[in-house]
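# Prediction below, plus the sequence it came from.
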Amino acid sequence: MRSLSNIMLGICILSFGAYATEECTEIRFAHGATSVEIKGEAPPDDVLCYLMRTGANQQAKIQMLEGVNTVVTVLDVADAREEISFTTQARQYEIRVGQLMRAIEAEPFRIFVSVK
């Protein structure tokens, strides 16, 4: 039974990247701020895409504060998590928010994004 659930999780993670939208919203921090909260609704058949620019050797944290059945992916860093922390490079990161298990309706969410 455990292997079946691992296979299902793998399928969900793989499909999470398959629905990537072509248009991303840039995350902008207020002057002097190191964090921002983003609210939205994860659609049932797609993901929401955000772009975050960082300098080298900063500490980034993306955390799901509210949301049922919603997860965050940072491309080339971590897939389908409720929380992701990593040391940044000087580059742009693509953050995707979506549903882990597809539901019929959109799922509301709130995430916290911090770069220090």
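Sure, I can see it.
# need the contact list for Glu107.
Glu107 is in contact with Glu41, Ala42, Pro44, Gly67, Val68, Asn69, Thr70, Gln99, counting by Cβ atoms under 8 Å, 6 or more residues apart in numbering. In short, each C-beta sits where N, CA and C put it, glycine included.
# Kindly report the same for Arg81.
Contacts of Arg81 by Cβ under 8 Å, 6+ apart are Val71, Val72, Thr73.
# circling back to that earlier point, buried only: go through the contacts of Glu107 for me.
Ala42, Gly67, Thr70, Gln99 (16 or more other Cβ atoms under 10 Å).
# Distance to Gln92, pLDDT and secondary structure for the residues you listed - can I get that in a markdown table?
Converted to a markdown table, those look like this (distance: Cβ to Cβ, whole Å; pLDDT from 0 to 100; DSSP: H, G, I helix; E, B strand; the rest coil):
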| residue | distance to Gln92 | pLDDT | secondary structure |
| --- | --- | --- | --- |
| Ala42 | 22 | 96 | strand |
| Gly67 | 24 | 94 | strand |
| Thr70 | 23 | 96 | strand |
| Gln99 | 24 | 96 | strand |
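# could the residues you listed go into JSON lines alongside distance to Asp79?
As requested, the buried ones among the contacts of Glu107 are exported to JSON lines (distance: Cβ to Cβ, whole Å):
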{"residue": "Ala42", "distance to Asp79": "15"}
{"residue": "Gly67", "distance to Asp79": "16"}
{"residue": "Thr70", "distance to Asp79": "14"}
{"residue": "Gln99", "distance to Asp79": "14"}
